[in-house]
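Q: Need the 3D shape of this:
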Amino acid sequence: FDAPTGTMPTHTSLWGLCLLLLWPSGWTLASVAPSAVIRPTGTGVWDAGGYLTAPIALEIDRKLTETNATLGYDIGVALIPSMQRGHGDIVRFAQLAFDSWGFGHAKGVLMLIAVGDKTMRIHTAPGSQEMLPDWKAVAIFAEMQTALQGGDYDAACLHGVGRIQQVLAGDDDLEEPAPAGPAEMVGVGLLAAALLGRMVWVVHYKRPRIRRCQYEQRLDMLGSPALA
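A: Numbering: from 1, shown residues only. Model (predicted):
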């Protein structure tokens, strides 16, 4: 989940959440262009593949409407079969979908799930980043992951939207992970040194030794009675 720092000159910062999921594979899925990700009239849910059951889609929309009305955010959820190629990665695709959805103000949030691509992104406008920074989005994903891996999109989306609702209201209990301390950094350094040492040993000792053994085997074969 490496995310570059900085701010885009458009609706979102480059701090983003790109999530690769181990979802069930084997489907033949239609691709969707970002320009097709358009909010349906009267709802904040766009389910292009029919992944949500009707009651859950209504419940999610109720939560979105409530949060948008009380907190002044504009939140949407979009589930698509797969991303149409030629529009870049999930970051670029989500930005284009974000614009297509109509998030033209500073407090938009779009939870985009591309099922066939096994990828997901929580795309935020600058005004949403303060309440919903990337580390909280990562934590929300971690809570959704088991349901997504099992193909339970009802549970995953209902939980994800509920957590986003709590985060934007300031009622969440998520704690920012502590940065790596000196002990962890020393451990990483020792591991890197061990791997480097292994590479040096293979290149400068093991590989020449293997070559010498192969050369000696060829000499034995040439000198054997069978080849005389």
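
Q: Determine the number of other residues adjacent to Arg39.
A: Arg39 has 17 neighbours, counted by other CB atoms under 10 Å. Where C-beta positions appear, they are placed from N, C-alpha and C, glycine not excepted.

Q: mind checking the SS state of it?
A: coil (DSSP: H, G, I helix; E, B strand; the rest coil).

Q: residues in contact with the closest residue to it other than its chain neighbours?
A: Take Arg39 and drop its neighbours on the chain: the residue closest to it by CB to CB, 6 or more residues apart in numbering is Trp101, 5.2 Å away. By CB atoms under 8 Å, 6 or more residues apart in numbering, the residues touching Trp101 are Val37, Ile38, Arg39, Trp46, Gly76, Ala78, Gly108, Leu110.

Q: out of those, who's nearest Asp134?
A: Leu110 (14.6 Å; CB to CB).

Q: name the element the closest one belongs to?
A: strand 108-114 (DSSP states H and E).

Q: For my notes, confirm Arg121 occurs in a strand.
A: Yes - per three-state DSSP, Arg121 lies within a strand segment.

Q: Poorly predicted segments of this structure, please.
A: 1-30, 86-88, 103-105, 178-189, 191-195, 197-228 (pLDDT under 70).

Q: tell me the helices in it, going along the chain?
A: 54-71, 90-101, 126-129, 134-149, 153-169, 182-201, 207-222 (DSSP state H).

Q: May I have the third one as PDB, with CA atoms only?
A: The one in question is helix 126-129. Extracted C-alpha coordinates of helix 126-129, given in PDB (Å, rounded to 0.1, in the frame of the first residue of the first chain):
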ATOM      1  CA  PRO A 126      -9.300  17.100  -0.300                       C
ATOM      2  CA  GLY A 127     -12.000  18.100   2.100                       C
ATOM      3  CA  SER A 128     -12.600  14.500   3.100                       C
ATOM      4  CA  GLN A 129      -8.900  13.700   3.700                       C
END
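
Q: Offset the numbering so it begins at 131, please.
A: New numbering, starting at 131: the last item is helix 256-259.

Q: helices or strands up against it?
A: If you count contacts as 3 or more CB pairs under 8 Å, 6 or more residues apart in numbering; DSSP states H and E, helix 256-259 packs onto strand 238-244.

Q: So what are the sheet partners of the strand it packs on and their directions?
A: Counting by DSSP bridges, the strands paired with strand 238-244 are strand 204-210 (parallel), strand 249-254 (antiparallel).
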